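Q: A predicted structure for the sequence below; I have some questions about it.
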Amino acid sequence: MRKRRRSGFGHGEPRYHLAFNPYPSQRFTKCPHCRANTGQRKLPLLIHIDQAQMVALNYTNRYCKHCDLLIAHKDEVESLLTDLFASAAPELVGNDYLIFATMEKNAWRDNMHSPRAPMEMLDHIHDFKSYTELRMTRGGWYPEGVEPPEWTPPASERWVKEK
Ligand SMILES: [Zn+2]
């Protein structure tokens, strides 16, 4: 197969659109785009945490197969990250982070048993086709001509800097 030069991180073809959901009260059992019922897809998400930490988090996403859309819940991701770093590297907890790719499950599992060279792993890493953070508007009735206001996502509960 011919390799194309791309500006992304992974060497695999881009896979999945990712929607990051910052609303703990919304679980998206229906797709926000097409309203079809979503299923689940568990696969390792690659997350870059400021300043220099990269982690592969095996995470159960919501998934719409029509839209090829993964939905990751912010509160769940942050809770898992907090568990991961709370004792190992507490200084990272609360830092900015970005979910930027998926890793093939077999490669992830192999790497757990016997770590591979980073260059070898890149072939099994797939950037996203797109990344969006979901934003909703508040429901309810509004006067004619008034746009419903944006629903501000709540602040992180666990993934916060210690005071
Ligand atoms: Zn959909």
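A: Looks like it arrived, so ask away.

Q: which helices and strands sit right next to the helix ranked longest in the chain?
A: Scanning the chain for the longest helix, with DSSP state H as the assignment, gives helix 74-85. Where contact means 3 or more CB pairs under 8 Å, 6 or more residues apart in numbering; DSSP states H and E, helix 74-85 is packed against strand 39-49, strand 53-64. Placement of C-beta: from N, CA and C, glycine included.

Q: Any buried residues in the longest one, and which?
A: Put plainly, it is strand 53-64. 55-57, 59, 61-64 (16 or more other CB atoms under 10 Å).

Q: Does residue 110 lie in a helix or a strand, and which?
A: Taking DSSP states H and E as the definition, residue 110 sits inside helix 105-113.

Q: and the two most separated of the buried residues of strand 53-64?
A: 55 and 64 (25.3 Å; CB to CB).

Q: Please name the nearest non-neighbouring residue to residue 23.
A: Nearest-residue entry for residue 23: residue 153, 5.7 Å, with adjacent residues in sequence omitted and distances by CB to CB, 6 or more residues apart in numbering.
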